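Trainee: Here is my input, please return the structure:
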Amino acid sequence: MKNAEKRQMFGKRLYDCRIAQGWSQRQAADAIGVALRSVQSWEMGETMPHPAKAQKVSATFNLPVAWFFGDDASIPRLLAAQLRAEAKAQPVPVIGWAAAGRGGVFVDLSAKVDEYLNTDCMDLHAYAVIIEGDSMTPEFRAGDRVVFMPNEQPKNGDVVLARLEESGDVFFKLYHTSGSNSETVRLTSYNPIYPPLEYRRDQFRFIQPMHSLVRHRRR
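Mentor: Numbering: from 1, shown residues only. A predicted model of the protein is given here:
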């Protein structure tokens, strides 16, 4: 196996173990005893840990070092199947509406996180926002948790979270584009009392599509 393949394999298996534990990258870094940037770099396949740090990862998750580099024979089949099943549920950070307005890069939200929820979204930087207002009723209600995918490009008809660059205004709307190069972005609401909004694409800091909805149930 080439070094690039080893890096990718180590990153994927570290990610799977971290998700199975329900840990953020910062929590994993603290448990292993390394810098947050090390965990981020390993999971992205940018670097590979030195043997001493690989041993720390091995000890943290109680798994052989060889398994992290692709040796499936180093653990029982039952354990391998369990790890794969657990890795399908990724805990993503949930942030309030105000924090979403200040955001844009969601790699590390530790100072803004209100809670975590599990999702099958595979975007490594996925996050959820607690929705406010009634512009998207009846499909979405205030208090709902909506998961977004920062690494995906929106398509016409998607529900998105969009932030304007200059004003910082944040919108939770339906997304459509027009123009020869899709340069005009039209944002609409399910609630008919809210008129459509139109902006140039270059006026936005980000437009990120929705992955899923978790309905908030009042107690």
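Trainee: Do a quick rundown of the strands in the chain.
Mentor: 90-95, 113-119, 127-130, 145-148, 159-164, 170-178, 184-188, 197-200, 204-214 (DSSP state E).
Trainee: So which of the ones you listed is nearest Met136?
Mentor: Met136 lies closest to strand 170-178 among the strands of the chain, at 6.0 Å (Cβ to Cβ). The way it works is simple: take the backbone N, C-alpha and C, and place the C-beta from them, glycine included.
Trainee: hmm, who's touching the closest one?
Mentor: Contact partners of strand 170-178, identified using Cβ atoms under 8 Å, 6 or more residues apart in numbering, comprise 97, 100-101, 129, 131, 133, 135-136, 140, 146, 154-164, 183-190, 197, 201, 207, 209.
Trainee: strands paired with it, and their directions?
Mentor: strand 159-164 (antiparallel), strand 184-188 (antiparallel) (DSSP bridges).
Trainee: In CSV: those, plus mean pLDDT.
Mentor: Listed next are the strands paired with strand 170-178 as CSV, based on pLDDT from 0 to 100:
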stretch, mean pLDDT
strand 159-164, 93
strand 184-188, 97
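Trainee: Once you drop chain neighbours, what's closest to the residue nearest the centre of the chain?
Mentor: Nearest residue to the geometric centre of the chain (Cα atoms, centre = their mean): Ala126, 1.3 Å. Leaving out its chain neighbours, the residue that sits closest to Ala126 by Cβ to Cβ, 6 or more residues apart in numbering is Val92, at 4.6 Å.
Trainee: so Ile75 sits right up against Phe61, yeah?
Mentor: No - using Cβ atoms under 8 Å as the test, Ile75 is too far from Phe61 to be in contact (10.8 Å).
Trainee: Neighbour count: those two, which is higher?
Mentor: Phe61 (21 against 15; other Cβ atoms under 10 Å).
Trainee: just to revisit the earlier point, and the strands of the chain, which one's lowest on average pLDDT?
Mentor: Mean pLDDT is lowest for strand 113-119 among these, at a mean of 75.
Trainee: about what we covered before: packed most tightly, which of the strands paired with strand 170-178 would that be?
Mentor: Of the strands paired with strand 170-178, the one with the most neighbours on average (mean count of other Cβ atoms under 10 Å) is strand 159-164, at a mean of 20.
Trainee: quick one: it to strand 204-214, angle?
Mentor: Angle of strand 159-164 versus strand 204-214, following axes from the mean of the first three to the mean of the last three Cα atoms, to 10 degrees, is 150 degrees.
Trainee: who's in contact with strand 159-164?
Mentor: With Cβ under 8 Å, 6+ apart as the criterion, strand 159-164 contacts 100-101, 103-104, 129, 136, 140, 146, 148, 154, 169-175, 185, 187, 199, 203-210.
Trainee: rerun at 7 Å
Mentor: Strand 159-164 is contacted from outside by 100-101, 104, 129, 148, 154, 170-175, 187, 199, 203-210, using Cβ atoms under 7 Å, 6 or more residues apart in numbering.
Trainee: And stretch 48-57, by the same measure?
Mentor: With Cβ under 7 Å, 6+ apart as the contact definition, stretch 48-57 has outside contacts at Asn3, Lys6, Arg7, Phe10, Leu14, Ile32, Gly33, Val34, Trp42, Val65, Phe68.
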